[in-house]
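When you get a sec, could you give me coordinates for this:
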Amino acid sequence: MRHFDCVVIGSGPAGQKAAIQAAKLGKRVCLIEKNPFLGGAAVNTGTIPSKALREAVLHLTGATKRGLFGEFTRVKKRITIDDLIYISRQVVQHEISLVRGHCERNQIELICGEAHFESPQAVQVVRDGETDQISADKFFIASGTRPAMPDSIPFDNKTIFTSDGLIKIGQLPKSMIVVGGGVVGTEYACMMAALDVKITLIEGRNEVLGFLDREITEALMYQMRRAGITLRLGEKVARIEVAKPAAGAGGNGGEPLVQAMLESGKIIRAETLLYAVGRQGTTGALQLDKTGLEVDDRERLHVDSFYRTKVEHIYAIGDVIGFPALASTAMEQGRLAACHAYGVPTCSMPELFPYGVYAIPEISMVGRTEDQLTKAGIPYEAGIAQYNELARGQLLGDEEGMLKLLIHQETREILGVHAIGTGATELIHIGQAVMAYKGSVEFFINNVFNYPTLAEAYKVAALNGLNKIRNI
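All right, here's what the predicted structure looks like:
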């Protein structure tokens with residue numbers, strides 16, 4: 001049996017950073033990956049492919065430039081799935097090469113195969129009929145998640161599929177039902193709508209992306225409707241099935257249609273259906289019962305603030321521990337967990353982790369929302385800058401974007417930053433940095449921003465908020 005200081009299970013963002021951090025601390029590390037490719041879901045089926053797909057959609061359709069140039073921004077009239085996935089393949093291969101290169105430079109041993117625990121101190125790795133016995137002082141579980149696939153839904157990866165199967169459907173459909181108004185469902189609904197696919201999004205709550213600031217959510221839903229997306233909010237799906245259209249039915253050439261029957265009695269039909277309601281942990285094969293660990297109903301692990309499970313030498317990081325389940329936060333969790341495991345002091349501010357949603361338009365936030373501040377009884381004012389007030393907004397053809405600062409009425413401290421529009425996920429980091437140093441709204445008043453830029457929105461929003469506080 002071979003022994004390592006540290007064993008990491010899963011090569012996604014969390015596993016990579018945990019392994020690299022442990023190696024930087026001089027530990028002997030092995031990284032176990034069950035798939036034939038590195039990078040986990042983030043590189044191969046989730047974050048990178050979906051964002052590459054979005055960039056391809058924006059480029060080929062010119063969706064974000066239509067305010068300036070109208071339909072002349074469309075690069076290609078007839079867009080195919082192959083057009084969309086070409087850039088995705090290039091980026092994915094590059095990212096996989098980067099992961100492998102980082103591991104080699106840090107002398108991390110890569111082991112291919114499926115791991116399961118034999119005891120709290122040892123795992124067995126199975127591959128091609130061979131087994132490898134490995135023991136370690138510390139374990140990091142970063143096995144990630146997969147899309148939830150209830151048995152009651154007849155998935156066929158052709159007409160009914162999850163996000164993993166979307167880019168494998170062969171050709172763009174004329175219509176699609178999206179079940180789920182979370183991050184994945186909303187992002188893909190916006191992308192497909194930009195490609196002129198008729199979208200109906202079904203969400204059980206009365207709004208999409210309920211964790212966002214309400215005003216931002218309302219702005220997004222307004223723009224989704226403008227893009228032609230039908231929102232069925234407060235509706236739950238009772239049954240999904242494939243049904244042959246009635247004789248003489250037009251518009252589909254007699255091909256089967258997907259049919260979603262809602263609890264309210266409504267029936268929604270389309271050529272395809274994307275099921276995007278939640279994700280499931282992938283801990284089932286790890287045989288965690290041999291370690292004394294238990295998982296919840298979605299195979300996720302509970303951890304403390306240091307990402308330790310109840311077995312002190314076993315950590316869990318990334319999507320497998322649940323919300324926020326972002327590649328960015330997973331990377332930081334991996335680093336922090338490895339530092340804690342080996343007694344290295346760190347400073348973490350999870351309350352300032354930024355969230356990014358790559359819908360069309362994109363959205364980002366850091367800090368608290370208006371609802372959270374109201375419930376906490378914190379006096380605040382909102383300073384708002386509309387992109388149509390900015391020269392850069394006009395140059396980009398984005399007149400719908402917005403940046404909002406939430407400002408403490410007494411101390412003038414920035415409590416939250418919320419953005420929707422072009423560059424929102426980049427713009428948010430200015431506010432994040434100021435909040436990290438307990439900066440006040442005066443920081444934005446007293447500083448000069450390049451002109452014309454979207455960053456000017458901070459000054460405009462600061463002036464707007466301060467004027468409200470002063471009753472000007």
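
Could you tell me the end-to-end distance of stretch 380-392?
Distance between the two ends of stretch 380-392: 28 Å, counting by Cα to Cα, to the nearest Å.

For it, list every residue counted as buried.
The neighbour-count check on stretch 380-392 (16 or more other Cβ atoms under 10 Å) flags 380-387, 389-390, 392 as buried. (Each C-beta comes from the backbone N, C-alpha and C, glycine too.)

remind me, longest strand of this structure?
Ranked by residue count under DSSP state E, the longest strand found in the chain is strand 130-141.

What ranges does the stretch 151-300 of the chain have for its strands?
With DSSP state E, counting those that start in this stretch as the criterion, the stretch 151-300 of the chain has strands at 160-161, 175-179, 198-203, 230-233, 237-243, 257-262, 267-270, 272-275, 279-281.

Name the nearest of the buried residues of stretch 380-392 relative to residue 224.
Within the set of the buried residues of stretch 380-392, residue 387 lies nearest residue 224; the separation is 17.5 Å, counting by Cβ to Cβ.

Verify the contact between the closest one and residue 398 for me.
Yes. Residue 387 sits in contact with residue 398 when judged by Cβ atoms under 8 Å, with a separation of 5.1 Å.

Identify the contacts common to the two.
Common contact partners of residue 387 and residue 398 (Cβ atoms under 8 Å, 6 or more residues apart in numbering): 421-422.

lowest average confidence, helix or strand, in this structure?
Ranked by mean pLDDT, DSSP states H and E, the helix or strand of the chain with the weakest confidence is helix 66-69, at a mean of 54.

What's the first helix or strand after that helix?
Counting by DSSP states H and E, the element after helix 66-69 in chain order, helix or strand, is helix 81-105.

For that next one, list every residue counted as buried.
Neighbour-count burial for helix 81-105, with 16+ other Cβ under 10 Å as criterion, is recorded at 81, 83-85, 87-88, 91-92, 95-96, 99-100, 102-103.

same question, stretch 7-24
Neighbour-count burial for stretch 7-24, with 16+ other Cβ under 10 Å as criterion, is recorded at 7-23.

cool, stretch 121-133 as well?
Applying a neighbour-count criterion of 16+ other Cβ under 10 Å, one finds 121-125, 132 buried in stretch 121-133.

Include secondary structure, distance to residue 115 and pLDDT when you put these into CSV, please.
CSV is the format used below for the buried residues of stretch 121-133 (DSSP: H, G, I helix; E, B strand; the rest coil; distance: Cβ to Cβ, whole Å; pLDDT from 0 to 100):
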residue, secondary structure, distance to residue 115, pLDDT
121, coil, 14, 95
122, strand, 10, 96
123, strand, 5, 96
124, strand, 7, 95
125, strand, 5, 95
132, strand, 9, 91
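
now those in a markdown table, with distance to residue 235?
Converted to a markdown table, the buried residues of stretch 121-133 look like this (distance: Cβ to Cβ, whole Å):
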| residue | distance to residue 235 |
| --- | --- |
| 121 | 50 |
| 122 | 49 |
| 123 | 44 |
| 124 | 46 |
| 125 | 45 |
| 132 | 50 |
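
Between these, which sits nearest residue 191?
After measuring those against residue 191 - Cβ to Cβ - the closest member comes out as residue 125, at 37.5 Å.

Any figure for the gap between residue 147 and residue 275?
Relative to residue 275, residue 147 is positioned 7 Å away (criterion: Cβ to Cβ, to the nearest Å).

hey, what's in contact with both of the two?
Here residue 147 and residue 275 have residue 162 as joint contacts, going by Cβ under 8 Å, 6+ apart.
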